[in-house]
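# Structure of the sequence below:
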Amino acid sequence: MRWPSFRHVFFDCDSTLTRVEGIDVLAEQLGKGASVKALTEAAMDGAISLENVYAKRLEVIAATRGEILKIRALYKKNIVEDAAAVIEVLHGLGHKVYIISGGLIEPVREFGCHLGVPSERIRAVAVEYDQLSGQWWSPDPDEYADKKQRYLAYRADALAVSDGKADIVAELLESETGRSLLIGDGVSDLLARRAVDLFVGFGGVVTRSRVAKEAPVFLRTSSLAPVLALAAGPSGIERTSEPAHRALFRKGLDLLSADALSFNDQHLGRRFSRALEAVNAGGTRMDIRA
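Next up, the predicted model:
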């Protein structure tokens, strides 16, 4: 039984490619962490809609552009295990990788490019700054542009609402062919499953009960290595010749054998298990819960 290859692979950013929630960490650094984190958790768990908390969080934080840009370094210091390598292998196999995030565009875009994702395949929430705040008269452009402008408003587009990611996926795939896969940790990612062929819930940073319960596939490991087997399938493994890439595939398969993956869709679970029998170490069947 064949497992398909997914040409288009979409990643969430915060708590999927990086272990932090950028807006929450920013709030914590500015002494407003508790109230903002509570709002984020409620939105990510689906208790309240993202659109009801997005503006409120940023207004509470009231950060400058320079403070927001510092999220870039936090993302890089907290990269999820094997994230960059998985993206490299997917690109090498001819897949297209995207990032769609409810985070802020400047830090998300730079982080995504750092991981090797082309900027035109990265989507996040744009913000506007008060260009008359701070020392706007300063002759130093860095002082003006990066450090003193204060947050004014965010662009209320699809990524700032709970059920908006599906629209962004559809937009990016409008002129494309091939199957698509999305992996993410939050309810906003779960709701976007209608726009892709397969949704994979990620619990490697935080496990959200609704996502774990409703995702067709749920990944329970700190490493993203198992995504390779899901996205590329046996054909991808067979086409991989680089030793480091094959080692990453093997790491993912070993994690799958250790119950890193569960299927709420039992048919998918049986199909995936059977498809990987040929590449499992020793030819034995993988014990994947379905």
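
# does residue 229 really touch residue 275, like I thought?
No. Using Cβ atoms under 8 Å, residue 229 is not in contact with residue 275, being 9.1 Å away. The C-beta positions use only the backbone N, C-alpha and C, and glycine is treated the same way.

# out of those two, which sits in the busier spot?
The neighbour comparison of residue 229 against residue 275 (other Cβ atoms under 10 Å) goes to residue 229, with 24 against 18.

# Give me the nearest residue to that one, chain neighbours excluded.
Leaving aside its sequence neighbours, residue 229 sits nearest to residue 252 (Cβ to Cβ, 6 or more residues apart in numbering; 5.2 Å).

# do residue 149 as well
In space, and not counting its chain neighbours, residue 149 is closest to residue 129: 3.7 Å by Cβ to Cβ, 6+ apart.

# Now do the contacts for that neighbour.
Residue 129 is in contact with 64-65, 149-152, counting by Cβ atoms under 8 Å, 6 or more residues apart in numbering.

# now with 10 Å?
Counting by Cβ atoms under 10 Å, 6 or more residues apart in numbering, residue 129 touches 63-65, 68, 145, 148-153.

# likewise residue 5?
Counted by Cβ under 10 Å, 6+ apart, residue 5 has contacts 93-95, 178-179, 181, 230-236, 239.

# switch the cut-off to 7 Å
Taking Cβ atoms under 7 Å, 6 or more residues apart in numbering, we find residue 5 in contact with 232-233, 235-236.

# Ok, residue 50 next?
43, 102, 160-162, 188.

# how about the nearest residue to residue 169, chain neighbours excluded?
Distances taken as Cβ to Cβ, 6+ apart put residue 195 closest to residue 169, at 4.0 Å, once the chain neighbours are dropped.

# For burial, what's the neighbour tally of the one you found?
When neighbours are defined as other Cβ under 10 Å, residue 195 has 19 of them.

# separation between it and residue 167?
Distance from residue 195 to residue 167, counting by Cβ to Cβ, to the nearest Å: 8 Å.

# do the same with residue 85
Residue 85 sits 30 Å away from residue 167, taking Cβ to Cβ as the criterion.

# Of those two, which one has the most company?
More neighbours surround residue 85 than the other of residue 85 and residue 167, with 20 against 16 (other Cβ under 10 Å).

# What are the boundaries of the strands in the stretch 51-200 of the chain?
Using DSSP state E, counting those that start in this stretch, the strands of the stretch 51-200 of the chain run over residues 96-104, 122-125, 127-130, 150-154, 180-184, 198-202.

# Okay, buried residues for stretch 247-262 please.
Neighbour-count burial for stretch 247-262 flags 248-253, 255-257, 260-262 (criterion: 16 or more other Cβ atoms under 10 Å).
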